[in-house]
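Asker: just need the structure, nothing else, for what follows:
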Amino acid sequence: MIQNTIQELLESEYLVVPEIQREYVWGRFKGITEQFIDSLRDKNTNVGFLYSYSFHNQKYIIDGQQRFTTLVLMLYYAAQTQNRDNDFRSLLKVDTPNLSFAYRVRSNTEQFLKDLFNSGLYKKEEIQRSKWYYDFYSSDISISSMIDFLDTLSKGHFNLPYEEILKISFWYYPVEETSLGEDLYITMNSRGRILDKAEKLKPLLFKKAKIGKEKDENWGKIWDDWEDFFYQRLENRDIENINVAMENFIRIVWELETCSEHNSLNPSEAILDLNLFMIQKYFNALRGIQDSTFSNEIDRLFGEKAKKDDSNKNDANFIILKSLLSGYVKFANQENTIRNIELKRIYETSYNKLHRRNYVKHIPILKFLKSYRDGSEHNYYKAILVEHNDSDCYFDEADKKMVKIMYESVQSNSCKISELEELFWKTCSRTVSNHNIWEGNLTILIEWASIDGNFCFDELKKYSDSFDGLFMDYSGHEIDLLRRAWIVGMPEYAPVQVGSYYTFGWEWSDWRTFVTQNPSDFKSFMDSIQRLMESGFTQEEALSIYINNGKEKDYMEFAKDNFLMDFTKRSDTCDIYFEYNKKEWWICTSGGRRRHTGFLSVHHANILRAFGGNYENYNKDKMKPLNIGDWGAWYWSTSNENCIAVESQRLNLVIDIVYDASNKRCDLVLKSRKDEDVSKYASGYRKKDEGNGYYCEYSFDDFCPQNIVDKVLEKINEIESIEKL
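Answerer: Just a heads-up that it's a prediction; the model follows:
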């Protein structure tokens, strides 16, 4: 028994809250967490015992998970509010495949924690509004408790320093010996994990077979063949992964047959629903899939962590594999060509629903797959179209609209993938490197492709190509021309609001908002660009002509040229912010959506333009020369203040230009970089109350950057004349 601090534990161990543990619930009970935090304020830095059990170089927490989880969440909140995010990310190993604290009570909880730690958010409303937050998280007890606790911290007076939380300690008892660990694990948890559940179920299935119709089969040999199947695919995995794969597979069969969810394979319950013939039926399907293009789905059964670039990594419930197994069982007696084509349709449709449309409700797909396997309808599309429309329906109207058109395209020959199917799948599968605006929902594109209510394939191809042409090969700031053209193209243009900020379409989700909320306007916009291109202009030329022909409207100054938007090039976003008190738009010059660290006002940007400068003049080493001595102009910006600076490093003099839009006034502040007396240069200026600077105010009925520049140049020439005397 040793005493370890939170910092020592997270630095040296990979701690896991395993599947058998109960949900995290402390966050739901304000009284418990307040009492716990009060005890920490009383300098009670030891919070009791923490037991763990070693397994695969990880420490599975046996007892102490509620306290430990609460402390990790407190540490995360303190990191965000005390500017220690980088320290927290390093400690929790956020940027590596395995967090130093993983939560596996439910498959989704661990992913939630990863997304949360990457987001920097802690307020309930902001978390639930995030694009990575799924609706079903609200029904997950652990996730909702974690959010409630963070929200409580944000609304209370939690002020424990980050460093103090790191020093909180446990009496830590890591059980290294496997046999002792297993005994302790089971002893300390009423839901203790029974190792190798498939092996525990095996004799129960064999006993059941002796009194059933399965008794004449050599099930011992068949079971060995099943294990050998996984052994042949083992590659560099540990031998224990065979048991994991067997357990996952049998659990899949159990869920498919009962249409109910089981967090783990419980032999005493599973034996009531399963028999060996049933498992053999699906294992034959598994063998068949091994010879198809979808064999990689089998490897998920080994229970390994999904790789970062794995597009199917969120399929914790094996929905894709369950769909493919159902299709194979359905077509077990069909020839390979017909079966493989149907499996292709099942895969594309299921993948689209799960990963692009992010629909992960488990029970509805289990019920649909059972009705598909048991029904007389062999066509997967037709089975979708006849599914009852109710709250428990897996496929919605958007799915069915696309499926109906694909179904009609193959009615004359269902043994061949149609050109329309290929186009639909290709359009749905746009990735971030091109665009992912549709997210698997082609309803708008189908409407664009309909003439008098009748779908037209040629129109679909035209608008699909036109749309892809606008977005393909663009990313980040390279799409500025399209951003500016869309300001002209949308009749009542307004940037997408994200919190208190507005964006011109930096994230793909922002463009999704533009398109889905204004489909008719976007179609008209595309038609206009296409007509210009048909006249012989390139797309870039067509967009530029379209902008130049635009009428004056809100935000037109951002559309006319790229000058204002270019100031966002040094940031990770394209956001602006309107401050009503100052009647001023601020452009994000640095930082990102999680944290904006610099803003420049539009008026200051236009003053810099009048000096001949641009976004590249962001410090005094990158000044725009003014061809008067060594004077140059540049801008500086923070999250709260910004101005244009005109400076001579030779004279150690600077003139700060600060425009006040609400009062239509410009202040020129003359000062020395070395706190020297500048009174000899200050003719016409008044001394500031503090420091050695001098200032002058100019009022304008209308904002005219050139008038301000003229005043500054007049002062610079005056200073240079004084220096020559």
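Asker: list the buried residues for the helix or strand encompassing Q497?
Answerer: Under the criterion of DSSP states H and E, Q497 resides in strand 496-498. By 16 or more other C-beta atoms under 10 Å, the buried positions in strand 496-498 come out as 496, 498. Backbone N, C-alpha and C define where each C-beta goes, glycine included.
Asker: chain center to stretch 647-666: distance?
Answerer: When distances are taken as C-alpha atoms, centre = their mean, to the nearest Å, stretch 647-666 is centred 41 Å away from the chain's centroid.
Asker: what's the end-to-end length of it?
Answerer: 17 Å (C-alpha to C-alpha, to the nearest Å).
Asker: got the buried residues for that stretch?
Answerer: 647-648, 651, 653-661, 666.
Asker: tell me the strands beside whichever helix or strand comes after the strand holding Q497, with direction?
Answerer: Sequence order places strand 501-503 as the next helix or strand after strand 496-498, per DSSP H and E. Strand 501-503 has the following strand partners under DSSP bridges: strand 496-498 (antiparallel), strand 575-579 (antiparallel).
Asker: identify all contacting residues around stretch 706-714.
Answerer: Contacts of stretch 706-714 with the rest of the structure, by C-beta atoms under 8 Å, 6 or more residues apart in numbering, involve 607, 610-611, 626, 628, 646, 655, 657, 659, 666, 668, 698, 700.
Asker: could you identify the most distant pair in those?
Answerer: I628 and F700 (23.5 Å; C-beta to C-beta).
Asker: please dump the strands paired with strand 501-503 into CSV; it should also carry mean pLDDT for every row.
Answerer: Output for those, formatted as CSV (pLDDT from 0 to 100):
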stretch, mean pLDDT
strand 496-498, 85
strand 575-579, 90
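Asker: from D660, how far off is F703?
Answerer: 11 Å (C-beta to C-beta, to the nearest Å).
Asker: mind naming the longest helix for the chain?
Answerer: Longest helix in the chain, counting residues (DSSP state H): helix 705-724.
Asker: average pLDDT for that helix, rounded please.
Answerer: For helix 705-724, mean pLDDT is 95.
Asker: cool, and stretch 201-218?
Answerer: The model assigns stretch 201-218 a mean pLDDT of 78.
Asker: for K687, which non-adjacent residue is closest in space?
Answerer: Leaving aside its chain neighbours, K687 sits nearest to Y694 (5.5 Å; criterion: C-beta to C-beta, 6 or more residues apart in numbering).
Asker: ok, what's across the strand from the one you found?
Answerer: With DSSP bridges as the rule, Y694 is bridged to L670, K687.
Asker: among the contacts of stretch 706-714, which ones are in helices?
Answerer: Reading helices off the contacts of stretch 706-714 with DSSP H, I get 607, 610.
Asker: next up, the contacts around H603.
Answerer: Applying C-beta under 8 Å, 6+ apart, the residues near H603 are 584, 659, 661, 703, 705.
Asker: any idea how far it is from S450?
Answerer: With C-beta to C-beta as the criterion, H603 and S450 are 47 Å apart.
Asker: try K688
Answerer: 68 Å.
Asker: go on, S535?
Answerer: Using C-beta to C-beta, S535 is found at 26 Å from S450.
Asker: and for Y173?
Answerer: Counting by C-beta to C-beta, the gap from Y173 to S450 is 67 Å.
Asker: with neighbour numbers in mind, choose between these two.
Answerer: Y173 (16 against 13; other C-beta atoms under 10 Å).
Asker: is the more buried one located within a strand, as I assumed?
Answerer: Yes: counting by DSSP: H, G, I helix; E, B strand; the rest coil, Y173 is part of a strand.
Asker: my guess is it meets G48, correct?
Answerer: No: Y173 is beyond contact range of G48, at 11.2 Å (criterion: C-beta atoms under 8 Å).
Asker: ok, E697 - how many residues close by?
Answerer: The burial count for E697: 12, using other C-beta under 10 Å.
Asker: got the buried residues for stretch 120-135?
Answerer: Within stretch 120-135, the residues that qualify as buried by neighbour count (16+ other C-beta under 10 Å) are 120-122, 124, 127-128, 133-134.
Asker: inside strands: which ones of those residues?
Answerer: Among the buried residues of stretch 120-135, no member falls in strands (DSSP state E).
Asker: any stretches of the stretch 501-650 of the chain with poor pLDDT?
Answerer: Nowhere does the stretch 501-650 of the chain drop to pLDDT under 70.
Asker: for the buried residues of stretch 120-135, which one is nearest R28?
Answerer: K124 (12.6 Å).
Asker: show me where the stretch 251-400 of the chain has its helices.
Answerer: Along the stretch 251-400 of the chain, the segments classed as helices by DSSP state H, counting those that start in this stretch run 267-270, 276-290, 296-299, 319-330, 336-351, 362-374, 380-385, 397-409.
Asker: packing partners of the second one?
Answerer: To tie it back to what came earlier, the one meant is helix 276-290. helix 197-210, helix 219-232, helix 241-258, helix 296-299, helix 319-330 (3 or more C-beta pairs under 8 Å, 6 or more residues apart in numbering; DSSP states H and E).
Asker: flag the helix or strand of this structure with the lowest per-element mean pLDDT.
Answerer: Lowest on mean pLDDT, DSSP states H and E among the helices and strands of the chain sits helix 178-188, with a mean of 46.
Asker: for the residue most central in space within the chain, what are its contacts?
Answerer: Geometric centre of the chain, nearest residue: W132, 4.4 Å, by C-alpha atoms, centre = their mean. Contact partners of W132, counting by C-beta under 8 Å, 6+ apart, are 115, 119.
Asker: now it, what are its backbone angles?
Answerer: phi -90, psi 0 (degrees, to the nearest 10).
Asker: report the separation between it and G691.
Answerer: 48 Å.
Asker: same check on A449?
Answerer: Distance of A449 to G691, given as C-beta to C-beta: 67 Å.
Asker: more neighbours, those two?
Answerer: Shown here are A449 and G691; by other C-beta under 10 Å, A449 has more neighbours (20 against 11).
Asker: so the more buried one makes contact with D465?
Answerer: No: counting by C-beta under 8 Å, A449 stays clear of D465, with 11.5 Å between them.
Asker: listing partners with orientation, what would you give for the lengthiest strand in the chain?
Answerer: Secondary structure assigned by DSSP E gives strand 46-55 as the longest strand of the chain. Sheet pairing for strand 46-55, assigned by DSSP bridges, gives strand 58-63 (antiparallel), strand 169-175 (parallel).
Asker: out of these, which is the most enclosed?
Answerer: Ranked by mean neighbour count, the strands paired with strand 46-55 are led by strand 58-63 with a mean of 21 (mean count of other C-beta atoms under 10 Å).
Asker: quick one: mean pLDDT for that one?
Answerer: Mean pLDDT, computed over strand 58-63, is 83.
Asker: what of stretch 330-349?
Answerer: Mean per-residue pLDDT for stretch 330-349: 89.
Asker: over to stretch 288-298?
Answerer: Regarding stretch 288-298, the rounded mean pLDDT is 87.
Asker: can you check stretch 129-137 too?
Answerer: For stretch 129-137, the per-residue pLDDT averages 88.
Asker: same question, stretch 400-407
Answerer: The model assigns stretch 400-407 a mean pLDDT of 94.
Asker: starting at the chain centroid, how far to that stretch?
Answerer: 29 Å.
Asker: so S528 makes contact with G489?
Answerer: Yes: using C-beta under 8 Å, S528 is in contact with G489, at 7.2 Å.
Asker: which strand residues bridge the residue lying closest to N617 once chain neighbours are set aside?
Answerer: Excluding the flanking residues, the one nearest N617 by C-beta to C-beta, 6+ apart is W634, at 4.4 Å. Taking DSSP bridges as the rule, W634 bridges to A645.
Asker: my guess is W634 meets M623, correct?
Answerer: Yes: using C-beta under 8 Å, W634 makes contact with M623 at a distance of 4.5 Å.
Asker: list residues touching both of the two?
Answerer: Shared contacts of W634 and M623, defined by C-beta under 8 Å, 6+ apart, comprise 613, 617, 647.
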